[in-house]
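*Asks:* the following comprises the amino acid sequence and a computationally predicted model.
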2 protein chains.
Amino acid sequence: MSAQHNVTIKDIAKALKLSVSTVSRAMRDRSEIRPETRELVQQLAARLNYTPNPIALSLKEKRSKVIGVIVPEIANTFCSSTIAGIEEVAYGRGYHVTIFQSHETYEREVINTRLVSSRRMDGLIIAMSNETRQYGHITDLIEKGTPVVMFDRVADEINSHKVVVNDKLGAFLATEHLIEQGYSKIAHLTISKNLSITQNRLNGFKDAIRKHGLSVNEDWIRHCNFDPADIDEAIRNLFTGNDKPDAIMASVERIVMRCIIVLKQMEVRIPEDCALIGFSDNPLNEYLNPSLSSVSQPTLDIGQRSAELLINMIESKATSPVAETIELGTILNKRESSAMRHR
Amino acid sequence: MSAQHNVTIKDIAKALKLSVSTVSRAMRDRSEIRPETRELVQQLAARLNYTPNPIALSLKEKRSKVIGVIVPEIANTFCSSTIAGIEEVAYGRGYHVTIFQSHETYEREVINTRLVSSRRMDGLIIAMSNETRQYGHITDLIEKGTPVVMFDRVADEINSHKVVVNDKLGAFLATEHLIEQGYSKIAHLTISKNLSITQNRLNGFKDAIRKHGLSVNEDWIRHCNFDPADIDEAIRNLFTGNDKPDAIMASVERIVMRCIIVLKQMEVRIPEDCALIGFSDNPLNEYLNPSLSSVSQPTLDIGQRSAELLINMIESKATSPVAETIELGTILNKRESSAMRHR
DNA sequence: CTGAAAGCGCTTACAG
DNA sequence: CTGAAAGCGCTTACAG
């Protein structure tokens, strides 16, 4: 009841005229302890609302029961929903989650990764930032023995567990859908070249184009950074020349959203003048004007599987488990923004 | 470099043939230390990538530098954006943030609150769940000396710092806007009666109705819980009798979204058959079909101010500072869903 | 069955 | 200016 003081094992020991060792053992149901003593201790502990100090435990056992999560931006639907999945599993297994945002910068990502280490977190779940090209900060962590799981934006160079979706197939099907709807001049707006998802989605895109006997126009493949101005410029540039695309396939939610905004500003009608589809998990997609076709990802699953992999690693003594990659499926949602072309 | 072992002050002491006390003091720039010793220690520490173990520090100083945040649902735009604000301030001041979700249940909220305490977090920022009617878990925490700041869903009964928006005025202006647009049969869908925001928004709603000489129809004021089925039923019930509303003012994002969905299912056109406005911060509101009028809140600010209040409390020795309530403004966004009625 | 001791990594009042 | 000691709260190998 006295402010600022949590009851400790010592308080209980004193009250019961026992040693702290005995109290500790009684609390942990050690077999050596006499049943009466155990009862006595546990009852007083319950009465005093005793909870063991996790900080002391962490110090002793050299583990914090905290896992770090680094995502580009928490306010992004994909991220917040993935985090929800991570938290569900983590809390269920007695871990807490600390979330960091890289804000799509390499610098923040490195700082955050170091914090995971200096804060002695037990493991890291990360989706790389758009800017990241070197992975020293991650490999350092792994070499120090900290388990790492990557999801979504993973790095091929790193030998860790990974949770991804079938990006190539998802992009292929989305692109093929546009073609089947009558669009043939399809642009692809995407993010940094060196991210795994960029390459995979781009390959799926190209495969679909080629499969249907169309040719890939490299001018219509644009890599943007995460500055909205940069994305907007890329979109506008698509429409400056004589040869304009009649559809856009966007590789991430952020770009899809800018497309909606900029096409509206340019008075390019969706889908009449230009169809639109993209990877996007916003539950409101269905209610946009026009409703937005999208490739959606099993975000909750991605988070849950990532957390499971990570915690399994943390709790197994295996020094170097074989890296495992879990690939989950995507869903193609066909809506108005990619409606059949009529000319 | 050896796996699993972080370098400690002891390692440095041994390497330099100094005592740990000296190393500790050298690292903390204590004035007593000889400059040469300080240099020696700090250089070796830098070379070995020494970072002080925050867990040991926490144990010693009886503070964890972690603050807990309990929100109903992280995937909700309002929450994730508020959290972004909290994190920004917290990290800047050397704190980490652990996020908990109550999933709108009293039970989870209590569990989470106890975790904040048993995990020895330095403070709590909370928006109450829809179910919460008793506040014992919160007052217990406060009595134990843990600083608490409430935001959005605050409880009048609790004497703590609070960060809210001008809910009453926001609701008043939104309702008045509907009236000015020609709507006169306005329903109000809201959440649990015992939440502060519910009362304030309801009062603003009623004031506007009365100010314009209309009368409040209590049948059109419905309190929902957070089960989508319950919300859907409340919406449907509005349209069963002969006397149907011609506009809905919804008090929270979740309800606004269900309105969009259910009205569409019922083939009630927005705004022709029924206008819609609500408190909602989704950046996509503008691009919905029809675009959604809304009262938006300064979410980032709410988070920042909450974190500042909390950390100031944590770091001041003041045992019981005078509780302060910060009230921020809202913005009324007039869009198609509340377009002028023409009949 | 119970206790005293050592130790997790750190800080600081107390000696020297 | 530096070191030995105590202590934060806990656990466990070692005695008894």
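*Replies:* Looks like it arrived, so ask away. Residues are numbered from 1 along each chain as shown, chains lettered A, B, ... in the order given.

*Asks:* care to break chain A down by domain?
*Replies:* A:9-52, A:63-164+A:299-328, A:167-297+A:332-338 (automatic domain parsing).

*Asks:* is chain B contacted by the longest one?
*Replies:* Yes - where contact is defined by Cβ under 8 Å from any Cβ of the partner chain, part of domain A:167-297+A:332-338 touches chain B, namely A:257, A:260-261, A:264, A:282-284, A:287-291. Quick note: C-beta positions are derived from backbone N, CA and C, even for glycine.

*Asks:* tell me the contacts of the residue in chain A positioned nearest to chain B?
*Replies:* The minimum distance from chain A to chain B, using Cβ to the nearest Cβ, falls at residue A:289 (3.0 Å). Residues in contact with residue A:289 (Cβ atoms under 8 Å, 6 or more residues apart in numbering or on different chains) are B:287-291.

*Asks:* may I see the PyMOL selection of the buried members of the residues of domain A:167-297+A:332-338 next to chain B?
*Replies:* Restricted to buried positions by 16 or more other Cβ atoms under 10 Å in any protein chain shown, the PyMOL selection for the residues of domain A:167-297+A:332-338 next to chain B reads:
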select buried, chain A and resi 257+260+261+282+284+287+288+289+290+291
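
*Asks:* now the residues of domain A:167-297+A:332-338 next to chain B as a markdown table including distance to residue B:206, secondary structure and pLDDT?
*Replies:* Below are the residues of domain A:167-297+A:332-338 next to chain B laid out as a markdown table (distance: Cβ to Cβ, whole Å; DSSP: H, G, I helix; E, B strand; the rest coil; pLDDT from 0 to 100):
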| residue | distance to residue B:206 | secondary structure | pLDDT |
| --- | --- | --- | --- |
| A:257 | 37 | helix | 91 |
| A:260 | 37 | helix | 93 |
| A:261 | 37 | helix | 90 |
| A:264 | 37 | helix | 90 |
| A:282 | 34 | coil | 87 |
| A:283 | 31 | coil | 85 |
| A:284 | 30 | coil | 85 |
| A:287 | 29 | helix | 85 |
| A:288 | 33 | strand | 88 |
| A:289 | 32 | coil | 83 |
| A:290 | 37 | coil | 89 |
| A:291 | 36 | coil | 91 |
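
*Asks:* pick the one among the residues of domain A:167-297+A:332-338 next to chain B closest to residue B:145.
*Replies:* For the residues of domain A:167-297+A:332-338 next to chain B, the residue nearest residue B:145 by Cβ to Cβ is residue A:283; the value is 40.9 Å.

*Asks:* is it correct that that closest one is in contact with residue A:77?
*Replies:* Yes - the pair residue A:283 / residue A:77 is scored as a contact, 7.4 Å apart, by Cβ atoms under 8 Å.

*Asks:* read off the pLDDT value for residue A:245.
*Replies:* pLDDT for residue A:245: 95.

*Asks:* in a helix, that's where it is, yeah?
*Replies:* No - assigned with DSSP: H, G, I helix; E, B strand; the rest coil, residue A:245 falls outside any helix and is coil.

*Asks:* so which residues of chain A form strands?
*Replies:* Using DSSP state E, the strands assigned to chain A run over residues A:66-71, A:96-101, A:123-126, A:148-151, A:161-165, A:186-190, A:221-223, A:247-250, A:275-279, A:293-296, A:325-328, A:331-333.

*Asks:* how about residue A:195, what does it touch?
*Replies:* Applying Cβ under 8 Å, 6+ apart, the residues near residue A:195 are A:128, A:130, A:153.

*Asks:* what about the second one, how many neighbours?
*Replies:* Put plainly, it is residue A:130. The number of residues packed around residue A:130, counting by other Cβ atoms under 10 Å in any protein chain shown, is 24.

*Asks:* how much space between it and residue B:330?
*Replies:* Per Cβ to Cβ, to the nearest Å, residue A:130 is found 33 Å from residue B:330.
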